[in-house]
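Engineer: Need the 3D shape of this:
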Amino acid sequence: MDPVTLISIIAAIAGVVFGITTLARNRRQDSTEAGERSGEIMSELGYIKSGVDDVKRKQEKSDETIMGFLRDLTAVQESTKQAHKRIDGLEERINAKS
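Structural biologist: Prediction:
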């Protein structure tokens, strides 16, 4: 075998070996980067979920407050109806005396 052929074969084998090792390293690096991205996304989703939970709690408190106002309003309406009946009764008595 002449030296040029031998060097060509060694260079080809070295190229294949370097290519395989580079491919393996890139796969590990890609996997690590994908894991980091996935972790970041999960973290952000956790923050979003926490924010949504806060909004839900505030909405429930608002709903309770509104329900309290509605109960109070209903009581005031009933009281107003009774007051109007008493006022109407007084007006009838005053008109009857006149």
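Engineer: If you count contacts, what does the helix or strand containing Glu64 end up packed against?
Structural biologist: Using DSSP states H and E, Glu64 sits within helix 3-97. Contact partners of helix 3-97 among helices and strands, from 3 or more C-beta pairs under 8 Å, 6 or more residues apart in numbering; DSSP states H and E: none. For the C-beta atoms, the positions are set from N, CA and C on the backbone; glycine is no exception.
Engineer: for that helix, the distance to its chain's centre please.
Structural biologist: Distance of helix 3-97 from its chain centroid, counting by C-alpha atoms, centre = their mean, to the nearest Å, is 1 Å.
Engineer: taking the mean pLDDT, what do you get for it?
Structural biologist: Average pLDDT, helix 3-97: 89.
Engineer: Near Arg57, how many other residues are there?
Structural biologist: By other C-beta atoms under 10 Å, the residues close to Arg57 number 10.
Engineer: let me redo that: Glu64
Structural biologist: Per other C-beta under 10 Å, the neighbour tally for Glu64 reads 10.
Engineer: go on, His84?
Structural biologist: Counted with other C-beta under 10 Å, the neighbours of His84 add up to 10.
Engineer: Now do it against Gln77, distance only.
Structural biologist: As judged by C-beta to C-beta, to the nearest Å, His84 and Gln77 stand 10 Å apart.
Engineer: cool, and Gly19?
Structural biologist: Gly19 is 84 Å from Gln77, by C-beta to C-beta.
Engineer: Repeat that for Ser43.
Structural biologist: Noted for Ser43: a distance of 51 Å to Gln77, by C-beta to C-beta.
Engineer: Likewise for Lys58?
Structural biologist: Distance from Lys58 to Gln77, counting by C-beta to C-beta: 28 Å.
Engineer: Ok, Thr32 next?
Structural biologist: In this view, Thr32 and Gln77 are 67 Å apart by C-beta to C-beta.
Engineer: now swap in Ile9 and tell me
Structural biologist: Ile9 is 100 Å from Gln77, where distance means C-beta to C-beta.
Engineer: swap in Glu33?
Structural biologist: Distance, Glu33 to Gln77, by C-beta to C-beta: 65 Å.
Engineer: burial measure for Gly89, as a count.
Structural biologist: Quick note: Gly89 (other C-beta under 10 Å) scores 10 neighbours.
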